[in-house]
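Peer 1: my questions are about this predicted structure, shown below with the sequence.
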Amino acid sequence: MKPQVLQLNPILVPQINDQLAERYTVHKLFEVQDPSAYLRAHGAAIEAAITGGHTGITRAMLEQLPQLRVVAVNGVGTDAVDLAYCRERGLPVTATLGALTEDVADLAIGLLIAACRNLCAGDRFVRDGQWEKFPQPGAIPLARRFSGMRVGIVGMGRVGRAVAVRAAAFGCPIRYTDLRAMDDVAHTFVADLVELARQSDALVLCAAADKAEGIVDAAVLDALGPQGFLVNVARGRLVNEDHLTEALTAGRIAGVGLDVFVDEPRVPAALRQSERATLQAHRASATWETRTAMAQMVLDSVAQALAGERPAMSLTT
Ligand code: 8YV
């Protein structure tokens with residue numbers, strides 16, 4: 001009999017799904033009407049769980065899976081998994097470390113340029129036939145230059161560093177904050193986030209969200225100021241979304257580029273309606289190249305764990 005695998009999130013790469021189906025009996029929880037009842041019926045036999053970074057897996061679910069030998073996260077954020085509990089249980093939790101770095105950094109810079117240059121508002125202007133109605137050059141307000149902007153990076157991990165490389169190529173002076181200064185990073189460390197915001201034209205959030213809920217609040221946004229931009233490619237809850245919508249609506253910051261939100265897929269109306277917000281539906285890692293590499297890592301992690309090995313990408317064992 002094939003080992004049984006619980007899948008909480010779809011994988012969008014057909015060849016990986018084919019391999020999963022060939023090797024395992026896959027229980028697609030995301031297609032099930034009543035997940036609790038389904039787990040009561042099948043939970044006892046499940047040996048591996050596959051989930052997304054944002055979805056994670058609840059502790060209550062983990063407790064319903066007594067034979068579980070691995071949680072393979074198809075993503076790099078593990079904030080939606082109780083790592084302490086998994087550690088206690090000796091359960092490997094794996095992530096797709098390194099696979100999505102370049103794409104997430106690409107999107108961060110893309111969002112920042114889009115926000116500075118009003119690319120989405122400009123696109124709507126042309127698409128909606130407004131250009132023909134209002135052909136005067138003054139019909140669209142002047143935008144802001146990205147090259148040379150002072151960029152503040154929040155979280156100097158893999159993604160933060162990749163954003164720094166890209167921003168440096170645009171001639172941007174770079175400062176960063178993290179839990180501590182890093183010996184192998186040449187950029188200026190600023191311990192205090194409000195101070196970093198004060199010294200930046202754009203803040204780019206690349207931090208893990210485990211212990212950092214709501215760190216970007218009204219004080220940080222006001223320090224960034226009416227000329228400042230905020231980009232978030234990490235997790236929505238790093239930001240106090242009420243403070244953000246208030247600041248954006250009142251013009252206390254210049255613009256935002258957001259890929260992530262507090263309560264996805266729900267996005268506050270004030271953000272959806274703002275011409276100064278460039279929004280994406282949590283797409284930073286969503287390219288064929290990255291999603292294929294990520295899904296291959298998930299496949300490898302499950303195979304390693306079920307073969308009795310410590311998965312190479314384990315964060316807990
Ligand atoms: C993915 C993510 O969208 O890596 C993460 O933590 O949130 C994203 O890259 C998600 O994990 C896809 O399943």
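Peer 2: Okay, I see it.

Peer 1: so how far is residue 213 from the nearest residue to residue 260 once chain neighbours are set aside?
Peer 2: Leaving aside its sequence neighbours, residue 260 sits nearest to residue 236 (Cβ to Cβ, 6 or more residues apart in numbering; 4.5 Å). All C-beta atoms are positioned from the backbone trio N, CA, C, and that covers glycine. Residue 236 sits at a distance of 10 Å from residue 213 (criterion: Cβ to Cβ, to the nearest Å).

Peer 1: which one's more surrounded, the two?
Peer 2: Shown here are residue 236 and residue 213; by other Cβ atoms under 10 Å, residue 236 has more neighbours (20 against 13).

Peer 1: so how far is residue 215 from the residue most central in space within the chain?
Peer 2: Residue closest to the mean C-alpha point of the chain, counted by Cα atoms, centre = their mean, is residue 234 at 3.7 Å. Taking Cβ to Cβ as the measure, residue 234 falls 10 Å from residue 215.

Peer 1: now do the same for residue 288: its pLDDT.
Peer 2: Residue 288 is assigned 98 on the pLDDT scale.

Peer 1: for the residue nearest to it when sequence neighbours are not counted, what are its contacts?
Peer 2: Spatially, and ignoring its direct neighbours in sequence, residue 288 is nearest to residue 13 (7.6 Å; Cβ to Cβ, 6+ apart). Residue 13 is in contact with 288, 291-292, 295, counting by Cβ atoms under 8 Å, 6 or more residues apart in numbering.

Peer 1: secondary structure element for the residue of the stretch 201-317 of the chain found nearest the ligand, which one?
Peer 2: At 3.5 Å from the ligand, residue 285 is the closest residue in the stretch 201-317 of the chain, using Cβ to the nearest ligand atom. Taking DSSP states H and E as the definition, one finds residue 285 inside no helix or strand.

Peer 1: counting neighbours, what do you get for it?
Peer 2: Using other Cβ under 10 Å, residue 285 is surrounded by 25 other residues.

Peer 1: thought it was touching residue 292?
Peer 2: No - when contacts are counted by Cβ atoms under 8 Å, residue 285 is not listed as touching residue 292 (11.0 Å).

Peer 1: can you show me the strands along this structure?
Peer 2: Listed in chain order, the strands of the chain (DSSP state E) span 4-7, 25-28, 46-52, 70-74, 93-94, 151-154, 174-177, 188-189, 202-205, 229-232, 255-258, 277-279.

Peer 1: now for the first one, which elements pack on it?
Peer 2: This means strand 4-7. Here strand 4-7 touches strand 25-28, helix 35-42, strand 46-52, going by 3 or more Cβ pairs under 8 Å, 6 or more residues apart in numbering; DSSP states H and E.

Peer 1: next: the longest one.
Peer 2: Here strand 46-52 touches strand 4-7, strand 70-74, helix 288-306, going by 3+ Cβ pairs under 8 Å, 6+ apart.

Peer 1: how far is it from where the chain is centred?
Peer 2: Mean-position distance between strand 46-52 and its chain equals 20 Å (Cα atoms, centre = their mean, to the nearest Å).

Peer 1: ok, residue 27 - contacts?
Peer 2: 4-7, 38, 42, 46 are the contacts of residue 27 under Cβ under 8 Å, 6+ apart.

Peer 1: before we move on, back to that, dump the helices and strands packed on strand 4-7 to TSV, plus distance to the ligand and mean pLDDT.
Peer 2: Shown next, in TSV, are the helices and strands packed on strand 4-7 (distance: least, Cβ to the nearest ligand atom, whole Å; pLDDT from 0 to 100):
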stretch	distance to the ligand	mean pLDDT
strand 25-28	14	98
helix 35-42	17	95
strand 46-52	3	98
